[in-house]
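# Model the following, please.
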Amino acid sequence: FWFPCSFFCMLVFFLRVFQFHVCCQFTSSHDLVYLEQVYFNKRLMVQYNSTLGKYEGYTKKAKDLADGFSKSKPFLEQAVKNREKSINNGHTANHILCLLSFFPTVEPSVRVTPVVRQGSSHQAMLACSAYNFYPKQIRLTWLRNGEKVINYVTSTEELPDGNWLYQIHSYLEYTPSPREEITCMVEHSNKIAVGTALLFGSFVFVAGLFFYKRTTA
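Numbers count the residues shown, from 1 in each chain. Got it, this is the predicted structure:
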């Protein structure tokens, strides 16, 4: 016997002809089927079903989209968490909890690496790369001994990385100086990743990366 946690699936987002719905169908007081649904022109295109544990597409293009979602570990993990929150919070608050994390935030994996480049007026180049992040909005900033660098910096746009995730690359041309510190600062979803290159003459040592929450005054 099925009875929904709400008479209607709650509308999450509406933009032009797209609709996103989250549904909870309780099979008992301690169990439910959790659904995420994407509609186009009122036609169901993609659906996540917790019983199947994956996304399904209902047209050729939608199947490719669903496969991308199903291959994305962060999206699948978030869907499982949403279902667990719905069960733990009962019939009243579960929809709200689902909505808050319908599209999960995925922190970027960041790398700073030396680049060999021919025909440049500078002797060296560093690349700062951020991979597998969501949402798309991100900012990469170069710092040289703590001062922001603007000149001789080139960056790509945010590029699709597959599975609805993104990547971006920024390049800094420079002339090495002994005992110098060059840092790439990556700001994404109120968190900051920092990668540092320490210069010892012609030798470059790339330090580790770490995340921390941005603090405000």
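# what's the domain layout of the chain?
3-100, 109-213 (automatic domain parsing).
# Quick one: those domains as JSON lines, columns for mean neighbour count and mean pLDDT too.
Backbone N, C-alpha and C define where each C-beta goes, glycine included. Formatted as JSON lines, the domains of the chain follow (neighbours: other C-beta atoms under 10 Å; pLDDT from 0 to 100):
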{"stretch": "domain 3-100", "mean neighbour count": "16", "mean pLDDT": "71"}
{"stretch": "domain 109-213", "mean neighbour count": "15", "mean pLDDT": "83"}
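# Please tell me how far the most centrally placed residue in the chain sits from residue 69.
By C-alpha atoms, centre = their mean, the chain has its centre lying nearest to residue 134, at 1.8 Å. Using C-beta to C-beta, to the nearest Å, we find residue 134 at a distance of 12 Å from residue 69.
# so residue 113 touches residue 127, yeah?
Yes. Between residue 113 and residue 127 there is a contact under C-beta atoms under 8 Å: 5.2 Å.
# counting contacts, what elements does the lengthiest helix in the chain pack onto?
In the chain, with assignment by DSSP state H, the single longest helix is helix 73-88. The contact analysis (3 or more C-beta pairs under 8 Å, 6 or more residues apart in numbering; DSSP states H and E) places helix 73-88 against strand 31-40, helix 60-71, helix 90-100.
# what separates the longest one from the chain centre, distance-wise?
Relative to the centre of its chain, helix 60-71 is centred 17 Å away, using C-alpha atoms, centre = their mean, to the nearest Å.
# And the shortest one, by the same measure?
Between the mean C-alpha location of strand 31-40 and the chain-wide mean there is a distance of 21 Å, by C-alpha atoms, centre = their mean.
# Renumber starting at 17 from here on
OK, 17 is where the count begins now, so the last one is strand 47-56.
# in its sheet, what does the next helix or strand after that strand sit against?
On the C-terminal side of strand 47-56, the closest following helix or strand by DSSP states H and E is strand 59-65. Strand 59-65 sits in its sheet next to strand 47-56 (antiparallel), strand 70-73 (antiparallel), going by DSSP bridges.
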